[in-house]
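> give me a model of this one.
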Amino acid sequence: MRRTSHQALHGSTKSLRPRVRRRWQHSLEMLEVRQLLTYTLQILHASDLEGGVYAIGQASNFAAIVDSLEDTYANSITLSAGDNYIPGPFYSAAGDPSLRGPLRAVTGNPQAREDLGRVDVAIMNAIGLDASAFGNHEFDPGTASVASIIGQDIRDANG
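Sure, this is the predicted structure:
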């Protein structure tokens, strides 16, 4: 009978089997760990969402695309790189008190307040953005305006 190199060195094959089993067991355990650690994250990104009349008409289309893409992966996050609003007629119109009712209806928040830029933020929330950076246009009207736009809704349901 021909002897393997292990047999020649150690005189037996009995000590080989537990070591091989341990190595295979370790390899299988590592494979299981790698499978558990495998994670896919889909990052959806938008930028320069500054609103306008055209943006309102397209918001539902954009939201539908985001919803469809989010459904393709179990783990998705939707981000904006900033420039979510820009001073102009749309931005200014968001401060009109007549928007209070529609804004509260759309956001589902009975305390939502109308204010400069708030409608842009409401649209982003309706689309489902998870987070946003500040762009340069957020600071065009000054830091006090930024603080007001991202501030907590503090009015009661009556006004």
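
> thinking Val66 is in contact with Ile127, fair?
Yes: with contact defined as C-beta atoms under 8 Å, Val66 reaches Ile127; the gap is 5.7 Å. C-beta: built from backbone N, CA, C; applies to glycine.

> joint contacts of these two?
By C-beta atoms under 8 Å, 6 or more residues apart in numbering, Val66 and Ile127 have these common neighbours: Thr78.

> just the strands in this protein please.
Using DSSP state E, the strands found in the chain span residues 42-46, 76-80, 131-132.

> any idea which of these is most buried?
strand 76-80 (a mean of 17; mean count of other C-beta atoms under 10 Å).

> partners of that strand in the sheet?
Strand 76-80 sits in its sheet next to strand 42-46 (parallel), strand 131-132 (parallel), going by DSSP bridges.

> how far is that strand from where the chain is centred?
Computed by C-alpha atoms, centre = their mean, to the nearest Å, the separation of strand 76-80 from the middle of its chain amounts to 3 Å.

> got the CA positions of that strand in PDB?
Extracted in PDB, the C-alpha atoms of strand 76-80 (Å, rounded to 0.1, in the frame of the first residue of the first chain):
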ATOM      1  CA  SER A  76     -33.500  52.200  -0.600                       C
ATOM      2  CA  ILE A  77     -32.700  55.700   0.600                       C
ATOM      3  CA  THR A  78     -33.600  58.900  -1.300                       C
ATOM      4  CA  LEU A  79     -31.400  61.900  -1.000                       C
ATOM      5  CA  SER A  80     -31.100  65.400  -2.300                       C
END
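
> and the residue nearest the centre of the chain, what does it touch?
Among the residues of the chain, the one closest to the centroid is Ile77, at 2.4 Å (C-alpha atoms, centre = their mean). Ile77 makes contact with Leu41, Gln42, Ile43, Leu44, Asp130, Ala131 under the criterion C-beta under 8 Å, 6+ apart.

> now with 10 Å, please.
If you count contacts by C-beta atoms under 10 Å, 6 or more residues apart in numbering, Ile77 has them with Leu41, Gln42, Ile43, Leu44, His45, Glu70, Leu129, Asp130, Ala131.
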